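K.L.:
Quick one: sequence plus predicted model below, questions after.
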There are 2 protein chains.
Amino acid sequence: MKINGQSYRTIWPDPDDNSRILIIDQRQLPHYFVIEPLTTLDGTVAAIRDMHVRGAGLIGATAGFGMHLAAIHSLPGKIEEALEHGAELLDKSRPTARNLKWAVERILRAAKNGKDDDEKKTLVFETACAIANEDAAFCKALGEHGVKIIEDLSKAKEGETVNILTHCNAGWLAFVDYGSATAPIYAARDAGIKVHVWVDETRPWNQGARLTAWELQQEGIPCTLITDNAGGHLMQQKMVDMVIVGTDRTTHTGDVANKIGTYLKALAAHDNNIPFYVALPSSTFDWELDHGSDIPIEERSGDEITTISGLTENGNIELIHLTAPDTRALNYGFDVTPARLISGLITERGIVAAEREAIHRLFPEKIIS
Amino acid sequence: MKINGQSYRTIWPDPDDNSRILIIDQRQLPHYFVIEPLTTLDGTVAAIRDMHVRGAGLIGATAGFGMHLAAIHSLPGKIEEALEHGAELLDKSRPTARNLKWAVERILRAAKNGKDDDEKKTLVFETACAIANEDAAFCKALGEHGVKIIEDLSKAKEGETVNILTHCNAGWLAFVDYGSATAPIYAARDAGIKVHVWVDETRPWNQGARLTAWELQQEGIPCTLITDNAGGHLMQQKMVDMVIVGTDRTTHTGDVANKIGTYLKALAAHDNNIPFYVALPSSTFDWELDHGSDIPIEERSGDEITTISGLTENGNIELIHLTAPDTRALNYGFDVTPARLISGLITERGIVAAEREAIHRLFPEKIIS
């Protein structure tokens, strides 16, 4: 997608030197646009943990390239150990993210097919690139499926603007390109459908205020920032036609872990008969867990709630304290929206009901018996 | 209630000079504790509009004293005009607040009983003081009724800590003393019941993070700050035993306007079978409106969402920008929770179902036929 009119992905190997993986440091958005090189496994783990990169697909792609960095810096004959070590560190960096584990396991499997260190290194790099490329392709595909929902709403409104609410950033910044929740929106724009997006600010990390609003503005999609508290009222006032969110992990039974607060929006959508869709590439499905309540929920530092950073009048990014000293804060990163509140899942193979049988029918090869 | 061990109300006339009404400038909490004098009607209107003071009861009490300031500065023989002018300005300062209109009307009625300017001024001042005193007394009374709910939950948990979630600040800072939602909590503490409060940060003005957490800490009540997004997850995890919130206006049919986001918590409480109570002195009832959807909802500046102020490392309060320039933000201050989601209303006369007949039975003299 575009930044100041120039096309970017969120992660790419330096074309002159594939030991440098380039990312956009999302902590500095929207104030500064900074490209950061990752050159080591440890740096990659820190970049995921400290949220230089975040979002389901992008975490997966970054983990893939992190494994590549682990491989190229491995001691002779020790590449398997280096990859196992990398897998362990990466797995722990964000516990709720499903794509992370999926990408790491795919790299481990690919490496096993190499005869020697060099071949393993090549396979690891090629697989990391394939993960990134597929992520972009899958997001594009789910946009093509999801746009039909927006098109129908637009027709029902006789061409008037379709108002879509989203929570967190499941935009192209959360993936390699296009995004999940945003892919149908970008596709609708491309199809000439009038859309407007309500952007939840998404406390505490403000992914909506900092990332989603910014990326939609860069792409010229009309959007309005609201507090996380406001969506229910907007739905009561019939100012929301549909909700689309992403997910960090979705069970094969249709329960959806996504950014904390998603569940509240799903309840409000349900109470107001507003369609609530979740967009995801199949790499986000967890084919083992039967119950959303078994998904591990990341707990992050309370400092993310009691302090915040932003741009001062002087153009510096500064951290300020929002609370009295010693205020205790609890900071869960995700919640689980039960399948019963979800109108459908938008995947790269089509739109499917959030229930086991339908999901299994669409992805029969994934079923773990 | 106490600040650094010393008892305060949130508003009081200077004992040496009743043309100076003293308030705590709540914009500066929790970083600085600043007492500010109000000396004119215009200053009082600005203090309400710009939220030096806020909260249902305190807005009402401040409006009462604002009318007193209008009266004492009126030209000879023009006190009625001065009061009508004051009523008009005060009414518009916060459109959703019911206590405001109630206080202003009560002052206007009281003034009519005075024979001359001096007597009218005396009656206005006495009525303003009575409004403040009654607010404190009613809050104390609703604490005495509400504590029974907490007591029952404590017994059911065999004395284990009762976890109470609250949204916004309906604490003593929102009233003259005790608070509405907090009054039962303070009463529970006084009765030796173990309580812990989940404090919603309450974007965008952060009444929870800045005021509720601070006042509970000052009173020694254990509390934990959470984002507005987190309450649903905590309820799913059985970490919340009850919800108590305040209200800015409640229809005589039981629909509750309160700080934006309250509706989302009510939905989550309902979905998880958690009792959801609203505490209010009867001055907050609207005896005319039949439907919550007819309550006017204040829209405030989007700047409250796109910028935020807090304490820098140097101890200065600084404003920072959270979003890209030109980000459009929409900022409704309140939402309406339908009566069907409310377990009960805690009033100064007792706990009552959120429905017309029950409310009318408890306050028969208020019914407008």
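P.N.:
That came in fine, so what should we check first?

K.L.:
Tell me where the stretch 51-200 of chain A has strands.
P.N.:
Ranges of strands in the stretch 51-200 of chain A, per DSSP state E, counting those that start in this stretch, are A:162-166, A:195-200.

K.L.:
close to chain B, is the very next helix or strand once past the last one?
P.N.:
Per DSSP states H and E, the first helix or strand lying C-terminal to strand A:195-200 is helix A:207. No: under the criterion of C-beta under 8 Å from any C-beta of the partner chain, helix A:207 makes no contact with chain B; the nearest approach is 11.2 Å. Any C-beta I mention is one placed from the backbone N, CA and C, and that applies to glycine too.

K.L.:
List of residues touching helix A:207?
P.N.:
For helix A:207, the surrounding residues in contact (C-beta atoms under 8 Å, 6 or more residues apart in numbering or on different chains) are A:54, A:168-169, A:259.

K.L.:
swap in stretch A:339-359?
P.N.:
So stretch A:339-359 is contacted by A:137-139, A:141-142, A:145-146, A:148-149, A:180, A:184, A:244, A:250, A:252-256, A:263, A:266-267, A:269-270, A:275-282, A:285, A:292, A:361-363 (C-beta under 8 Å, 6+ apart).

K.L.:
before we move on, what about stretch A:35-49?
P.N.:
Looking at stretch A:35-49 with C-beta under 8 Å, 6+ apart, the contacting residues turn out to be A:14, A:19-25, A:52-54, A:59, A:62-63, A:65-67, A:69-70, A:73, A:82, A:85-86, A:89-90, A:93-94, A:100.

K.L.:
and if we set it to 6 Å?
P.N.:
The contact list for stretch A:35-49 (C-beta atoms under 6 Å, 6 or more residues apart in numbering or on different chains) reads A:20-23, A:25, A:53, A:59, A:62, A:66, A:69-70, A:86, A:89, A:93-94.

K.L.:
Centre of the chain to that stretch, how far?
P.N.:
Stretch A:35-49 has its C-alpha centroid displaced from the chain centroid by 18 Å (C-alpha atoms, centre = their mean, to the nearest Å).

K.L.:
Repeat that for stretch A:257-277.
P.N.:
Centroid displacement of stretch A:257-277 relative to its chain, using C-alpha atoms, centre = their mean, is 17 Å.

K.L.:
tally of neighbours for the nearest residue to A:Cys129 once chain neighbours are set aside?
P.N.:
Setting aside the residues directly before and after it, A:Cys129 is nearest to A:Pro13 in space (C-beta to C-beta, 6 or more residues apart in numbering or on different chains), at 7.2 Å. When neighbours are counted by other C-beta atoms under 10 Å in any protein chain shown, A:Pro13 registers 18.

K.L.:
just the helices in chain A please.
P.N.:
Using DSSP state H, the helices assigned to chain A run over residues A:41-49, A:56-72, A:79-93, A:98-112, A:117-156, A:183-190, A:207, A:213-218, A:231-236, A:262-271, A:303-306, A:356-362.

K.L.:
just so I know, which of those helices lies nearest B:Phe125?
P.N.:
helix A:231-236 (38.8 Å; C-beta to C-beta).

K.L.:
hmm, that closest one touching chain B?
P.N.:
Yes: applying C-beta under 6 Å from any C-beta of the partner chain, one finds helix A:231-236 touching chain B at A:232-233.

K.L.:
Return that helix as PDB; C-alpha atoms alone will do.
P.N.:
What follows is helix A:231-236 as a C-alpha-only set of coordinates in PDB (Å, rounded to 0.1, in the frame of the first residue of the first chain):
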ATOM      1  CA  GLY A 231     -19.000   2.400  19.300                       C
ATOM      2  CA  GLY A 232     -22.100   1.200  21.200                       C
ATOM      3  CA  HIS A 233     -23.700   4.700  21.000                       C
ATOM      4  CA  LEU A 234     -22.900   5.000  17.300                       C
ATOM      5  CA  MET A 235     -24.600   1.600  16.700                       C
ATOM      6  CA  GLN A 236     -27.600   2.600  18.700                       C
END
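
K.L.:
Now do it: which elements does it pack against?
P.N.:
If you count contacts as 3 or more C-beta pairs under 6 Å, 6 or more residues apart in numbering or on different chains; DSSP states H and E, helix A:231-236 packs onto helix A:262-271.

K.L.:
Could you pull out the buried residues of the helix it packs on?
P.N.:
A:262-271 (16 or more other C-beta atoms under 10 Å in any protein chain shown).

K.L.:
Average pLDDT for it, rounded please.
P.N.:
For helix A:262-271, mean pLDDT rounds to 98.

K.L.:
same for that helix, what does it pack against?
P.N.:
Helix A:262-271 is packed against helix A:231-236, strand A:242-245, strand A:334-337, helix B:262-271, with contacts defined by 3+ C-beta pairs under 6 Å, 6+ apart.

K.L.:
Please repeat the previous calculation with a cut-off of 8 Å.
P.N.:
helix A:231-236, strand A:242-245, strand A:276-279, strand A:334-337, helix B:231-236, helix B:262-271 (3 or more C-beta pairs under 8 Å, 6 or more residues apart in numbering or on different chains; DSSP states H and E).

K.L.:
Now do it and strand A:162-166, the angle between them.
P.N.:
Put simply, helix A:262-271 runs at 150 degrees to strand A:162-166, going by axes from the mean of the first three to the mean of the last three C-alpha atoms, to 10 degrees.

K.L.:
got the angle between helix A:262-271 and strand A:195-200?
P.N.:
With the same axes, to 10 degrees as the basis, helix A:262-271 and strand A:195-200 are set at 130 degrees to each other.

K.L.:
Closest to the centroid, which residue in chain A?
P.N.:
Nearest to the mean C-alpha position of chain A, by C-alpha atoms, centre = their mean, lies A:Gly55 at 2.8 Å.

K.L.:
Next one: the residue lying closest to that residue once chain neighbours are set aside, what pLDDT does it get?
P.N.:
The spatially closest residue to A:Gly55, leaving aside those adjacent along the chain, is A:Ala174, at 2.3 Å (C-beta to C-beta, 6+ apart). Per-residue confidence (pLDDT) for A:Ala174: 96.

K.L.:
surely A:Ala174 meets A:Ser180?
P.N.:
Yes: with contact defined as C-beta atoms under 8 Å, A:Ala174 counts as touching A:Ser180 (7.1 Å).

K.L.:
near chain B, which residues of the stretch 1-150 of chain A show up?
P.N.:
A:30-31.

K.L.:
quick one on the thing from earlier: between the strands of the stretch 51-200 of chain A, which gets nearest to chain B?
P.N.:
strand A:195-200 (8.1 Å; C-beta to the nearest C-beta).

K.L.:
And for the residue in the stretch 251-369 of chain A positioned nearest to chain B, the neighbour number?
P.N.:
Residue nearest to chain B within the stretch 251-369 of chain A (C-beta to the nearest C-beta): A:Gly261, separated by 2.8 Å. Number of residues near A:Gly261 (other C-beta under 10 Å) recorded here: 29.

K.L.:
need the contact list for the residue lying closest to it once chain neighbours are set aside.
P.N.:
With C-beta to C-beta, 6+ apart as the measure, B:Asn229 is the residue that lies nearest to A:Gly261, at 2.8 Å, once sequence neighbours are left out. Under the criterion of C-beta under 8 Å, 6+ apart, the neighbours of B:Asn229 are A:202-203, A:228, A:259-261, A:264, A:335.
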